[in-house]
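Trainee: Kindly return the folded structure for what I paste below:
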Amino acid sequence: MQDYALRIIISTLSMAAPLFITGTGAIFSERCGVINIALEAMMLIGAFCGVIGAYYTSSPWIGVLAAIAGAGVFSAIHALICIKYKANQVVSGVALNMLASGLTVFLVEIIFGMRGTSENVATIPNINAMIGLASDSKNTLLYKALDFSPLILIGVIIVFISNAVLFKTVFGLRLRAVGEHAQAADTLGINVSKMRYAGVIISGLLAGLAGAFLSLSLSGNFRKDMTAGRGYIALATMIIGKWKPLNVFAASLFFGFAQAAETFVTSLVIFGYVVPPQFIQMLPYILTLVILAGFVGKALPPHDLGKPYSKEEKL
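Mentor: This is a model prediction of the structure:
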């Protein structure tokens, strides 16, 4: 029973990690006033660049850095389109999602000569392997309790650091001020564009880390559209969490548990009827819709979210 509980906890954390890492990054973008629908694209680019980095260097940790850098570039493109050229932020995000989906498949075929799937690469070892626990201790509680990726631990630390940065620092105060009332923030001498670029790029860097977790911890390769809608679920956890990192973490654990259920619940019988496994796989997405529709309450976004700002338009 103890082993089973540990497996559920670790599986829940593994499924939740890309959600709360990406969702926390999304807070920075939306708190500064820029809608980031492109989280899916940034995660996908991160997953792809992570595999490429690990493939050419044989180091998964360099792959992680490549993932963060690649997603950072994509987030900078989104920031440039939305902040400098004042394009529709939702349209920009959707376009980048489509671009990332097609571009990664195209590059995988060029680099690996395969359609939709890359070669396997070196993966990030779990914590128990990193600290050198002997293989003959596999049946011990300590070994099982530490049998998870260090990126999960890094992600949890990022959540708490982000919460402190947003609500305990001058940078966080300025970022939130820009998202609530850009004109007033500009009047007080805050560089609105600079803060918005920072917020969007931070969101991309964290989405890239989440993408690296998918490809370098969970799978060991890149597959077409392997993010499987996690960017959108991360966006939902941000809304459910009302733009607060600790709330996003809690919401992500809920959805992570729903996704982990796919592994542990292979069959479900209700009133003598066997529920198809595809329905179990749909649970995270169904829960997203249900909770957003009826159980969250009124979640108020930052006042200037989605509104381009120009100094020339200042009253």
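
Trainee: and the closest residue to Leu39 other than its chain neighbours, which of the three is it?
Mentor: Counting by CB to CB, 6 or more residues apart in numbering, Leu39 lies nearest to Gly231, which is 3.7 Å off, once chain neighbours are set aside. Just so you know, the C-beta spots here come from the backbone N, C-alpha and C atoms, and that holds for glycine as well. For Gly231, the secondary structure call by DSSP: H, G, I helix; E, B strand; the rest coil comes out as helix.

Trainee: What count of nearby residues applies to Gly231?
Mentor: Applying other CB atoms under 10 Å, we find 29 residues neighbouring Gly231.

Trainee: what stretches of the stretch 201-315 of the chain score poorly on pLDDT?
Mentor: Counting by pLDDT under 70, the ranges of the stretch 201-315 of the chain that qualify are 262-275, 277, 292, 294-298, 312-315.

Trainee: who touches the residue nearest to Leu39 in this structure?
Mentor: Counting by CB atoms under 8 Å, 6 or more residues apart in numbering, Gly231 touches Thr22, Ala38, Leu39, Glu40, Ala41, Met42, Met43, Leu44, Asn97, Ala207.

Trainee: who wins for most neighbours among the residues you listed?
Mentor: Going by other CB under 10 Å, Ala207 tops the contacts of Gly231 with 39 neighbours.

Trainee: Would you agree that residue falls within a strand?
Mentor: No. Counting by three-state DSSP, Ala207 is not found in a strand; it is helix.

Trainee: Hmm, it is touching Thr24, no?
Mentor: No. Counting by CB atoms under 8 Å, Ala207 sits too far from Thr24 to count as a contact (9.8 Å).

Trainee: Tell me how far the residue nearest to Leu39 lies from Gly220.
Mentor: Distance of Gly231 to Gly220, computed by CB to CB, to the nearest Å: 21 Å.

Trainee: Check the contacts of Gly231 and tell me the two furthest apart.
Mentor: The widest separation within those, taken as CB to CB, falls between Thr22 and Asn97 and amounts to 13.3 Å.

Trainee: List the buried residues in stretch 58-69.
Mentor: Residues Pro60, Gly63, Val64, Leu65, Ala66, Ala67, Ile68, Ala69 are the ones in stretch 58-69 that count as buried (16 or more other CB atoms under 10 Å).

Trainee: per-residue confidence at Arg174?
Mentor: If you check Arg174, the pLDDT there is 97.

Trainee: ok, it - contacts?
Mentor: By CB under 8 Å, 6+ apart, Arg174 lies in contact with Ala185, Ile190, Met195.

Trainee: Name the nearest residue to the first one, ignoring sequence neighbours.
Mentor: Closest residue to Ala185 in three dimensions, ignoring its sequence neighbours and counting by CB to CB, 6+ apart: Ala177, at 4.3 Å.

Trainee: Which strand or helix spans that neighbour?
Mentor: Here Ala177 sits within helix 170-180, counting by DSSP states H and E.

Trainee: Off-centre distance for that helix?
Mentor: Relative to its chain's centre, helix 170-180 lies at 22 Å (CA atoms, centre = their mean, to the nearest Å).

Trainee: who are the neighbours of the helix or strand that it is followed by, in terms of helices and strands?
Mentor: The element immediately downstream of helix 170-180 (helix or strand, assigned by DSSP H and E) is helix 182-187. Where contact means 3 or more CB pairs under 8 Å, 6 or more residues apart in numbering; DSSP states H and E, helix 182-187 is packed against helix 170-180, helix 192-213.

Trainee: Between the ones you listed, which one is closest to Ala5.
Mentor: Of all the helices and strands packed on helix 182-187, helix 192-213 sits nearest to Ala5, with 23.0 Å by CB to CB.

Trainee: Could you give the separation of that closest one from the chain centroid?
Mentor: From the chain centre to the centre of helix 192-213 is a distance of 10 Å (CA atoms, centre = their mean).

Trainee: tilt between it and helix 170-180?
Mentor: Relative orientation of helix 192-213 with respect to helix 170-180: 110 degrees, computed using axes from the mean of the first three to the mean of the last three CA atoms, to 10 degrees.

Trainee: Now do the buried residues in helix 192-213.
Mentor: Within helix 192-213, the residues that count as buried by 16+ other CB under 10 Å are 192-193, 195-213.

Trainee: cool, stretch 102-111 as well?
Mentor: By 16+ other CB under 10 Å, the buried positions in stretch 102-111 come out as Leu103, Thr104, Val105, Val108, Ile111.

Trainee: Does the second one touch Met42 like I think?
Mentor: No. Contact criterion CB under 8 Å: Thr104 and Met42 do not qualify, at 11.8 Å.

Trainee: Identify the residues contacting the nearest residue to Cys82 once chain neighbours are set aside.
Mentor: Distances taken as CB to CB, 6+ apart place Gln89 nearest to Cys82, at 4.8 Å, with adjacent residues excluded. Residues in contact with Gln89 (CB under 8 Å, 6+ apart) are Val34, Ile35, Asn36, Ile37, Cys82, Gly306.

Trainee: Weed out the non-buried ones from those.
Mentor: The neighbour count (16+ other CB under 10 Å) marks Val34, Ile35, Asn36, Ile37, Cys82 as buried among the contacts of Gln89.
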